[in-house]
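Chemist: What shape does this take:
(chains A and B)
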There are 2 protein chains.
Amino acid sequence: VSDDAVRATNDPALTSWVPVPSGSDFPIQNLPFGAVARGHENAHLCVAIGDDALDLSVVAGSGLLDGVCADARAVFAQPNLNALLERGRSVWRSTRVRLSGLLRHGDERLRDAGIAEAALVRRARERFVLPLDVRDYVDFYSSLEHATNLGKILRPGGEALLPNWRYIPIGYHGRTSTIVASGTDVRRPSGQLKFGDEPPAFGPSRSLDFELELAFITGDGPAAGGRIAPNDAHRSIFGLALLNDWSARDIQAWEYQPLGPFLGKSFATTLGSWIVTLDALEPYRVAGPPQDPPPLAYLATRGAHAYDIALAVSLRSEAMVRANVREHTITQTNFRGMYWSMAQQLAHAASNGARVRAGDLYGSGTISGSGPGSWGSMIEITWRGARPLALPDGTPRAFLADGDEVVARGHTAANGLPRVGFGECRGTIVAASTP
Amino acid sequence: VSDDAVRATNDPALTSWVPVPSGSDFPIQNLPFGAVARGHENAHLCVAIGDDALDLSVVAGSGLLDGVCADARAVFAQPNLNALLERGRSVWRSTRVRLSGLLRHGDERLRDAGIAEAALVRRARERFVLPLDVRDYVDFYSSLEHATNLGKILRPGGEALLPNWRYIPIGYHGRTSTIVASGTDVRRPSGQLKFGDEPPAFGPSRSLDFELELAFITGDGPAAGGRIAPNDAHRSIFGLALLNDWSARDIQAWEYQPLGPFLGKSFATTLGSWIVTLDALEPYRVAGPPQDPPPLAYLATRGAHAYDIALAVSLRSEAMVRANVREHTITQTNFRGMYWSMAQQLAHAASNGARVRAGDLYGSGTISGSGPGSWGSMIEITWRGARPLALPDGTPRAFLADGDEVVARGHTAANGLPRVGFGECRGTIVAASTP
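Modeler: Next comes the predicted model:
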């Protein structure tokens, strides 16, 4: 598929025969991937368009994806994206170009095949599941503002930023078994808590937090031992989704020395429902912040590697839900301010020869801007509880309470270009299980 | 299958019609699981017996494993153990009891089926591959002696043991994509190295180390949110294998604050070829060391949860291989001295509601005894290079050199009971790739 054909899918003038309400995250320029539950069947892959989702299993079954790769019917009959991710970038691009064509105003192939009704499902009536089998999950720590805030909060009096931070896109491996789909309830974890001079005790976390992130999903990287140049990283990145890296700050504080976070993070991580392809985000690529000192050669980039994506998190307590009070926006920020780019993160992760695989997930780390209204976690917003949030229901929040629903959203915001959005990354806190 | 039938597989009086040389790791009382490469075919599951491996795909194909579970032919036609791991403990036990019966002196079912020759392959002529698709990989840090040594080396003047260590089986998640089979070469990783006041530079690690470990492999744990009582942990543990958690100490030292080890570990982890079942190890279960303070209730155990497994690591330089000099034993220790038991490690990992899955791998952490001859890593043995090892070829070793071959071995050592062994966990260091 030609670069011109790929670029044409981003043409602001394109419209679809599927209705797309004004302000939708999902115009024809987007076509993000997800997976829709199908009762007792396996889940089906789909792309979002307007208020609908296009079932790719139905489309492929009618032969309309034939030729995007040798085994298209098998790839799009899978319950997750892993087979497509393994096929690599040229197949990802062919697929998106084909789907854009099938959904374009005036195209009648779905109707001619008699599948337009069967293939389009109303999203509001469906349940969506995790669209990939996550292989390795890495979470980075790439916002200068977030790392500085946490340094000030956790090491008052010391240097806010550790000496390695401006040289290394700091990251660690997280647990994959507890990565869940948007909408899944999150049970408050229990763990060892240590206060003052008392010995630790086991109980429900009292400092449950969210972390606003974006994450990228990869195909297979080079053969074992092959590095990835940051300027080539986009070839291995399929797309991005919202991510909420739920965190129990009290469990984390007591356990994390010297090997890093473990049970303070591993209880749940919520992935947003929609994976927006890197091709759909191409018109929104911008320069990132300056880096000082300049990165070492294996992390050096040319050109623009940040993305202009506006992000927001809202919170709604159980009382607000009952009283039908609208959700309350607690932070608004932008992905473009991240110090380390995704290209640098992936180059770093592969720099020691570690194999990158189809289905790997790489979280950005908490995305925080420069002021309290743009910070991406409760520990920052409330300064570890010192300045609790006041919710519209009159209750204060130092950290999350049972029944709180947290929703992250994101979309591109460039003037004159279509809004390409990520949908939601949603989760509600449920009470800890009894001991 | 009855407990009596399981116990009967450990009877020291049992013998096999397959010859078992004296001193073999693999008498009929063992029957550890592995996977043998079959050229262009998928790998086949197998168990080791004497100098042979019994190909379970051939055995199951002839119907001789019918009934151990509903879909035995499909389960044993898989290229890895994951399907068997998903079936759970009663199927694991039925399988082992059946195999013990088929291999017992006087049993003629394999011969009657005409498959004895096709099913038994000489191990020395075969290549063995990774026998499981690892889902989550956790590495613990459970040797008091190792944690104390590293504390003294890395934080001289401070408390050797951090305050959380005697309360928490400290652990972290590692990378699964670079877990490799015994015998796979290990390429020296490159990464950021920082010496003194100089800025960091990217280059090949100068402090490449091994870590002697055992690791356990699980089936599915309880449904999401369910905890695992340490006294019930054995129900979720399939078996144990040797593990070498290769470590680049210089990369690790510069990167690990505040989120723990990442690229200093993620370049390679070698799993031993043979997974010895928990049932085969049952006669070698012993009491572990006393724990002070007593563990919190969720980690409290009754009875004996350690295992009496003698371990050794040998090193052979390229010059020694060329000169045909025997490998040089550099450490000998025993698994029974580990402070935190596998039961406690698994209970801890699941204590926050994290899901345990079939195919999870949990490393013990470096196994070190009380003196230099029993320490499980180069950084301890040479005290970070201060006391280099002298090899038989006349060269010193502070850390591993290119061409060095490291082999870990382990076996039970109880008086009067059969030797149940783990075979080898082998890897040779190859030079870093050019920048």
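Chemist: and the longest strand anywhere in chain A, anywhere near chain B?
Modeler: Longest strand in chain A, counting residues (DSSP state E): strand A:421-430. No: Strand A:421-430 does not reach chain B (Cβ under 8 Å from any Cβ of the partner chain); its nearest approach is 9.4 Å. Every residue, glycine included, has its C-beta placed from N, CA and C.
Chemist: pLDDT averaged over that strand, what's the number?
Modeler: Average pLDDT, strand A:421-430: 98.
Chemist: Can you get me the start-to-end distance on stretch A:251-261?
Modeler: 9 Å (Cα to Cα, to the nearest Å).
Chemist: Quick one: distance of it to the chain centre.
Modeler: 24 Å (Cα atoms, centre = their mean, to the nearest Å).
Chemist: Other residues contacting that stretch?
Modeler: Contact with stretch A:251-261 is made by A:154, A:172, A:189, A:191-194, A:200, A:205, A:247, A:262-265, B:141, B:162, B:164, B:168, B:170-172, B:256, B:258-261, B:352, as judged by Cβ atoms under 8 Å, 6 or more residues apart in numbering or on different chains.
Chemist: quick one on the thing from earlier: list the helices and strands the longest strand of chain A packs on?
Modeler: strand A:186-187, strand A:237-244, strand A:269-271, strand A:405-412 (3 or more Cβ pairs under 8 Å, 6 or more residues apart in numbering or on different chains; DSSP states H and E).
Chemist: Specify which residues of chain A, grouped into ranges, have pLDDT under the cut-off.
Modeler: A:224, A:435 (pLDDT under 70).
Chemist: where along it do the helices fall?
Modeler: Using DSSP state H, the helices of chain A run over A:3-8, A:56-61, A:72-75, A:82-87, A:89-103, A:109-112, A:116-119, A:144-154, A:249-255, A:278-281, A:318-322, A:342-349, A:378-381.
Chemist: out of the contacts of stretch A:251-261, which are buried?
Modeler: A:154, A:172, A:189, A:191-194, A:200, A:205, A:247, A:262-265, B:141, B:164, B:168, B:170-172, B:256, B:258-261, B:352 (16 or more other Cβ atoms under 10 Å in any protein chain shown).
Chemist: For the helices and strands packed on strand A:421-430, please prepare JSON lines with the additional fields mean neighbour count and distance to chain B.
Modeler: As requested, those are arranged in JSON lines below (neighbours: other Cβ atoms under 10 Å in any protein chain shown; distance: least, Cβ to the nearest Cβ, whole Å):
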{"stretch": "strand A:186-187", "mean neighbour count": "22", "distance to chain B": "5"}
{"stretch": "strand A:237-244", "mean neighbour count": "26", "distance to chain B": "16"}
{"stretch": "strand A:269-271", "mean neighbour count": "26", "distance to chain B": "11"}
{"stretch": "strand A:405-412", "mean neighbour count": "23", "distance to chain B": "18"}
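Chemist: now these in CSV, with distance to residue B:176?
Modeler: Below are those laid out as CSV (distance: least, Cβ to Cβ, whole Å):
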stretch, distance to residue B:176
strand A:186-187, 24
strand A:237-244, 19
strand A:269-271, 16
strand A:405-412, 27
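Chemist: Now do residue A:188: how many residues are near it, please.
Modeler: Using other Cβ atoms under 10 Å in any protein chain shown, residue A:188 is surrounded by 22 other residues.
Chemist: residues contacting it?
Modeler: A:204, A:205, A:208, A:402, A:429, A:430, A:431, A:432.
Chemist: Please indicate which of these are buried?
Modeler: A:204, A:205, A:208, A:429, A:432.
Chemist: show me what contacts the last one?
Modeler: Taking Cβ under 8 Å, 6+ apart as the contact definition, residue A:432 lies against A:187, A:188, A:189, A:190, A:203, A:204, A:205.
Chemist: coming back round to it: what's the most distant pair in the contacts of residue A:188?
Modeler: The distance between the two most remote of the contacts of residue A:188 (Cβ to Cβ) is 12.8 Å, for A:205 and A:430.
Chemist: quick one: the residue in the stretch 301-435 of chain A that chain B sits nearest to and residue A:86, what's the gap?
Modeler: Residue nearest to chain B within the stretch 301-435 of chain A: residue A:352 (3.8 Å; Cβ to the nearest Cβ). Counting by Cβ to Cβ, to the nearest Å, the gap from residue A:352 to residue A:86 is 23 Å.
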